[in-house]
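[1] Quick one, fold the following:
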Amino acid sequence: MAKQSQSEIDQMIQRSQCIHRDLVRRDIIQAIQSYQCNLVLKLNRYNLNEGYSKEYLCLSGTVLCEYKENRYNIPIEIILNENHPYKSPIAQVKPTSNMFISPTNQDVQSDGTITINYLKTWRHPSSDLSNLIKAMSQSFSLSPPVYSISNANYSTAPYPTNSPSMGMPMPMGRSSLYSYSNIHQGIERENQGEISQDIYHESLKTAVLERIRNRFNELNNIEKAEIESLKKTEQYLNEGEKKLELLINQIQQKQIQTKNYITNLQNKINQISEKPLLKKDNLIEDNPIIFPAPIYKQLFQAFAEEHAIQDLLYYLADGLRKRSISLENYLKHVRELSRKQFILRATMIKCRQVAGLPTK
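    This is a model prediction of the structure:
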């Protein structure tokens, strides 16, 4: 089986409906390059139970195993889920026309479905297709999953890679094994007659119905899982829609409040601009403090201005600490205020001397 090129693999991945294409591409390339298998990537269409078909990526080919010092190629197929590698794939043994599923391998069901523990405990990123192939090879090496029916003699090993003419073995675990021709001869000797063909037809019909039923259940489970995933996605989108609607309502309310604030502010500005300015002559001087002499009034004003300057210097220092003003402006104002503060303090000392008050 010829190895596929990178472009062929990329084209099939692009045509598929897989979600994580980069992860799928890396996982598939690593699996194809494994020495324990000979697989090719295909894009097969499967009929679903809803009445329509759907394409899935699948790896089809053989897995190498060793049984009783011989190497054998077991035909398998690995179907990748759309959410691969976050969801486990479906692995099946695909026997040829002269092969049958062996009941001795506990990891392979009668319909060919592989149920090894590696698939049951599949979890990304610790699980990948390369390790899955290794796990299948180990399981098949312990007990071959298929056997062939010969017309004369039976063999006790699966189909070997180094001896193509040998047939697949009969199921192991019984005391004696017979080929189909020997079984038919024994039945004829016991019944002393020929068996009707209807028995074989019914047996074939039952086997086909069983395989169809298992395949139907398998595809049904796949669709149920996809429907469940779509329901969760729908629930997540609905919750997101409700959150977006709530945010939009809050933004609209804030917008209305902002418009109301702007309207009120504009009304206040209009009211202030419409008021006539009062003239200085109309102002009534309201001074509750009565000074016995002008020197005391001058002393009081100098004292008040000196304390106001002291407060202003404090707030300038706080503004510099908070970086509200630059250092250059801070030094400029501090220099002017300090000069004025010095003059005011000298004035207070002179007023105290004239008024006969203590200077300290």
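[2] Which phi and psi values does the residue nearest to the spatial centre of the chain adopt?
    Nearest to the mean C-alpha position of the chain, counting by C-alpha atoms, centre = their mean, stands residue 86 at 9.1 Å. When read as degrees, to the nearest 10, the backbone of residue 86 gives phi -80, psi -10.
[3] thinking it is in contact with residue 20, fair?
    Yes. Using C-beta atoms under 8 Å, residue 86 is in contact with residue 20, at 7.2 Å. In short, each C-beta sits where N, CA and C put it, glycine included.
[4] what's the longest strand in the protein?
    Longest strand in the chain, counting residues (DSSP state E): strand 53-67.
[5] That one pairs with which strands, and in what direction?
    Using DSSP bridges, the strands paired with strand 53-67 in its sheet are strand 37-47 (antiparallel), strand 70-79 (antiparallel).
[6] Highest mean neighbour count out of those?
    strand 70-79 (a mean of 21; mean count of other C-beta atoms under 10 Å).
[7] that older thread, for the longest strand of the chain, buried residues please.
    54, 56-65, 67 (16 or more other C-beta atoms under 10 Å).
[8] Can you give me the domain assignment for this structure?
    Using automatic domain parsing, the domain ranges for the chain come out as 6-192, 206-259, 290-355.
[9] And the longest helix along the chain, what does it pack against?
    Longest among the helix segments of the chain by residue count, using DSSP state H, is helix 197-274. On a contact count with 3 or more C-beta pairs under 8 Å, 6 or more residues apart in numbering; DSSP states H and E, helix 197-274 meets no helix or strand.
[10] between it and strand 70-79, how big is the angle?
    50 degrees (axes from the mean of the first three to the mean of the last three C-alpha atoms, to 10 degrees).
[11] Quick check: residue 95 is in a strand.
    No. Counting by DSSP: H, G, I helix; E, B strand; the rest coil, residue 95 is not found in a strand; it is coil.
[12] Could you give the bridge partners of the closest residue in space to it that isn't next to it in sequence?
    Using C-beta to C-beta, 6 or more residues apart in numbering and skipping residues adjacent in sequence, the residue nearest residue 95 is residue 146, 4.8 Å away. Beta-bridge partners for residue 146, by DSSP bridges, are residue 101.
[13] try residue 55
    With DSSP bridges as the rule, residue 55 is bridged to residue 45.
[14] Kindly provide the distance from it to residue 28.
    15 Å (C-beta to C-beta, to the nearest Å).
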